[in-house]
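Undergrad: Sequence plus predicted model, see below.
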Amino acid sequence: MKTRITELFGIEHPIIQGGMHHVGLAELASAVSNAGGLGMVTGLTQRTPELLAREIARCRAMTDKPFGVNLTFLPSVNPPDYPGYVKAIIDGGVKVVETAGNNPQKWLPALKEAGIKVIHKCTSVRHALKAQAIGCDAISVDGFECGGHPGEDDVPNFILLPRAAEELSIPFVASGGMADGRSLVAALALGAEGMNMGTRFIATQEAPVHENVKRAIVAASELDTRLVMRPLRNTERVLSNAAVERLLLKERELGSAITFEDILPEVAGVYPRIMQSGEMDAGAWSCGMVAGLIHDVPTVQQLIDRTMAEAHALIHERLAGLAR
């Protein structure tokens, strides 16, 4: 399948793997790239630029296909060594960067000079237009259904994607609620040039996370996510568990007086305990509503092959048949 996204990134299928914390390691990124998609190494999961350089080298040893690095720019009192991370990406010969969080404008000149294509994750059309204006090459349009941070506008993809298509001239992919060939065809119909899958890729054999995490996603329905940190305007969609219920109770009890310090036990440093050790109630962790569409744990190759077969069948058989 050829779209502006496959052409831009030099990939076979218009499928991108989301850059997920403590999930986007070389094992998963290389598997996605080897299967014809675009794998993503998650930059800030690596605690230092030196560790990121090592992870990029590991991924390069595992695939000769294009892969990218996700770099999220977070507001922070003690920000990460962003110049070091950008240098590690450039020195590592990476040709695609997915930026997220704060405006990436400051870092674009160095990335562009190195011949790197930048796709920026946005949860609103206004932010997507800003990313286009500063020179990003593509957008990942993140609807309200997504795991992680859906923004504060609460616009689902059935509205957000066609609105993006009306306004943007650069290509964009659909992110949030993407699981299979149906998702891909729907995204294409709404104006996207491909899709970004996050939660769906966690439930694969190559995802370097504990089996408890994969089982939890398969067992979950579309009703099992919660929105936390709304009062702090840092909304995150997470899978419901005991820690999340404690966090929501604090939000109800403290109301507008709540601070980030109040919820630290439920959110700080919990990802290694969940993703590596399988402590499923250790804290809040990102998961999309798409969990309701996930029923198995295939290999990445099986997932992508199945997704593309479904998409082609939908386009050439069901939809073509309806048009007769």
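TA: Noted; the coordinates are in hand. Note that the structure is predicted; figures quoted are calculated from it, not measured.

Undergrad: which SS state does Glu55 fall under?
TA: The three-state assignment at Glu55 reads helix, by DSSP: H, G, I helix; E, B strand; the rest coil.

Undergrad: Just give me the neighbour total for it.
TA: By other Cβ atoms under 10 Å, the residues close to Glu55 number 22. From N, CA and C alone the C-beta is placed, and that goes for glycine too.

Undergrad: wait, it sits on Gly39?
TA: No - applying Cβ atoms under 8 Å as the test, Glu55 and Gly39 come out as separate, 11.8 Å apart.

Undergrad: where do the helices sit along the stretch 151-300 of the chain?
TA: 157-167, 181-189, 199-202, 211-219, 242-254, 264-267, 271, 300-313 (DSSP state H, counting those that start in this stretch).

Undergrad: so where is the stretch 201-324 of the chain shaky, pLDDT-wise?
TA: Across the stretch 201-324 of the chain, nothing is flagged by pLDDT under 70.

Undergrad: distance between the ends of stretch 34-53?
TA: Between the opening and closing residues of stretch 34-53 lies a distance of 20 Å (Cα to Cα, to the nearest Å).

Undergrad: Just the mean pLDDT for it, thanks.
TA: Computed over stretch 34-53, the mean pLDDT rounds to 98.

Undergrad: Contacts only, for Lys117.
TA: Residues in contact with Lys117 (Cβ atoms under 8 Å, 6 or more residues apart in numbering) are Leu8, Phe9, Lys95, Val96, Val97, Asp137, Ala138.

Undergrad: let's see 7 Å
TA: By Cβ atoms under 7 Å, 6 or more residues apart in numbering, the contact set of Lys117 is Leu8, Phe9, Lys95, Val96, Asp137.

Undergrad: if we can go back for a sec, got any residues that touch both of Glu55 and Gly39?
TA: In contact with both Glu55 and Gly39: no residue, using Cβ under 7 Å, 6+ apart.

Undergrad: among the contacts of Lys117, who's most crowded?
TA: Neighbour tally across these (other Cβ under 10 Å): the maximum, 25 neighbours, falls on Val96.

Undergrad: Could you say which helix or strand holds the closest residue to that one other than its chain neighbours?
TA: Distances taken as Cβ to Cβ, 6 or more residues apart in numbering put Gly68 closest to Val96, at 3.4 Å, once the chain neighbours are dropped. If you go by DSSP states H and E, Gly68 is part of strand 67-73.

Undergrad: For Thr72, find the nearest of the helices of the stretch 151-300 of the chain.
TA: Closest to Thr72 of the helices of the stretch 151-300 of the chain is helix 271 (Cβ to Cβ; 13.4 Å).

Undergrad: Would you confirm that Val125 contacts Pro162?
TA: No - if you go by Cβ atoms under 7 Å, Val125 and Pro162 don't touch, sitting 10.2 Å apart.

Undergrad: who has more neighbours, these two?
TA: When Val125 and Pro162 are compared for neighbours, Val125 comes out ahead with 21 against 14, by other Cβ under 10 Å.

Undergrad: who's in contact with that one?
TA: Arg163, Ala164, Glu167.

Undergrad: residue contacts, the nearest residue to the second one once chain neighbours are set aside?
TA: Going back to what we said before, that points to Ala164. Nearest residue to Ala164, sequence neighbours excluded (Cβ to Cβ, 6+ apart): Val141, at 4.8 Å. Contact analysis of Val141 by Cβ under 7 Å, 6+ apart lists Cys122, Ala128, Leu160, Leu161, Ala164, Phe172, Ala174, Ser175, Ala192.
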